[in-house]
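1. Structure, please.
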Amino acid sequence: QFYDVSHPRRRALHRRYIRQCLDNFRDSSNVIHFTSAEYSGPLEFVQFWIDVIAEWQQETGRNALVALSAPKDVQDAILADEARASHVDVIDIRYWCYTEGGELYAPPGGQSLSPRQHLRKTRQKPRQAREIARAVREYRTAYPDKAVTYFAEEHCPSALDGWAVLMGGGSLADVPALPAELQLKLADMRPLQKMASSEDVLCLSDGSGEFLFYGTTPDAAARVEIPNASADLIASWINQETGQLTGDVRLSELNGPVTFREQVLWLRPGGDD
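-> Next up, the predicted model:
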């Protein structure tokens with residue numbers, strides 16, 4: 001009933017509230033707008049919410065950063081709607097996830113249940129890191145013009161793994177501070193199919209010789225194979241907990257494929273130094 005925008009008085013109140021939120025931050029460029037903290041409502045309300053934002057943007061000439069954070073069926077319906085999807089800047093995965101074994105946990109919207117109430121009904125087991133990366137990667141690949149964030153651990157049978165979010169191509173990932181050069185490169189990196197002997201190794205690449213690998217388990221004694229790799233590439237291992245580099249070595253100095261010394265491996269062109 002709360003999200004029923006066919007009721008004229010509630011519709012007017014919702015519209016005024018949405019516009020007030022936008023007006024509050026009209027001069028801010030670093031604020032991302034969500035429907036609410038725990039949204040399990042119907043598609044119709046998200047359509048209305050985006051339409052009010054579009055109306056406000058046209059009237060004011062300002063741009064609001066909009067996050068689509070909703071049940072998966074609602075999210076997918078909005079993204080399939082080209083006109084409304086054009087107003088979405090961030091796809092936020094919060095109310096659905098892939099669980100252990102790749103099962104999909106995705107309660108539908110508009111069921112008059114909070115995310116916590118939905119969660120109490122499930123017996124599915126929490127995800128592995130590769131399932132988190134899969135969810136992020138699917139949307140990052142399908143909608144390359146939009147950022148993707150993942151915070152499903154609060155409302156789903158999932159847990160926090162910032163590295164998996166990052167390796168899926170996600171934004172605002174909870175990882176330690178990384179070397180400044182790598183931070184700049186990450187903006188141009190995209191997820192790749194596995195390039196290692198283990199499915200527990202995830203990979204990002206910028207397409208021009210820069211690679212980042214993450215072994216999702218501490219004992220993933222995986223070897224990385226880089227097709228047509230230059231011997232001048234430098235291999236650096238990064239501590240998963242601190243983000244600090246623990247060593248640099250040129251591929252020309254290694255015998256055979258690169259193996260993991262830490263859970264994170266960074267390969268980059270070496271230049272002349």
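2. For the helix or strand hosting E59, give me every contacting residue.
-> Taking DSSP states H and E as the definition, E59 sits inside helix 43-60. Residues from elsewhere that reach helix 43-60 (Cβ atoms under 8 Å, 6 or more residues apart in numbering): 3, 5, 11, 14-15, 18-19, 22, 26, 33, 35, 39, 62-64, 66, 68, 70, 73-74, 77-78, 81, 84, 87-88, 109-110. (Each C-beta comes from the backbone N, C-alpha and C, glycine too.)
3. can you rerun that using 7 Å?
-> 3, 5, 15, 18-19, 22, 26, 35, 63-64, 66, 70, 74, 77-78, 84, 87, 109 (Cβ atoms under 7 Å, 6 or more residues apart in numbering).
4. cool, stretch 145-154 as well?
-> 88-94, 96-97, 132, 135-136, 139-140, 158-160, 165, 169-172.
5. ranges for the strands of the stretch 101-250 of the chain?
-> Applying DSSP state E, counting those that start in this stretch to the stretch 101-250 of the chain gives strands spanning 104-105, 147-150, 190-192, 201-205, 211-215, 223-224, 233-238, 245-250.
6. As JSON lines, those strands with mean pLDDT, distance to K121 and mean neighbour count would be great.
-> Converted to JSON lines, these look like this (pLDDT from 0 to 100; distance: least, Cβ to Cβ, whole Å; neighbours: other Cβ atoms under 10 Å):
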{"stretch": "strand 104-105", "mean pLDDT": "94", "distance to K121": "10", "mean neighbour count": "16"}
{"stretch": "strand 147-150", "mean pLDDT": "96", "distance to K121": "22", "mean neighbour count": "23"}
{"stretch": "strand 190-192", "mean pLDDT": "89", "distance to K121": "32", "mean neighbour count": "17"}
{"stretch": "strand 201-205", "mean pLDDT": "90", "distance to K121": "31", "mean neighbour count": "22"}
{"stretch": "strand 211-215", "mean pLDDT": "90", "distance to K121": "33", "mean neighbour count": "25"}
{"stretch": "strand 223-224", "mean pLDDT": "74", "distance to K121": "41", "mean neighbour count": "18"}
{"stretch": "strand 233-238", "mean pLDDT": "87", "distance to K121": "40", "mean neighbour count": "21"}
{"stretch": "strand 245-250", "mean pLDDT": "81", "distance to K121": "45", "mean neighbour count": "13"}
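7. can you list the ones you listed in TSV and add distance to Q183?
-> Below are the strands of the stretch 101-250 of the chain laid out as TSV (distance: least, Cβ to Cβ, whole Å):
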stretch	distance to Q183
strand 104-105	32
strand 147-150	16
strand 190-192	16
strand 201-205	13
strand 211-215	11
strand 223-224	22
strand 233-238	12
strand 245-250	13
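8. Am I right that A37 sits in a helix?
-> No: looking at A37 with DSSP: H, G, I helix; E, B strand; the rest coil, it is coil, so not inside a helix.
9. And for it, the neighbour number?
-> 9 (other Cβ atoms under 10 Å).
10. I'd like the average pLDDT over stretch 167-185.
-> Averaging pLDDT along stretch 167-185 yields 93.
11. Also stretch 118-136?
-> 87.
12. First residue to last residue on that stretch, what's the distance there?
-> End-to-end distance of stretch 118-136: 22 Å, with Cα to Cα, to the nearest Å as the criterion.
13. And that stretch, what's buried?
-> Residues of stretch 118-136 classed as buried by neighbour count (16 or more other Cβ atoms under 10 Å): 118-119, 124, 127-136.
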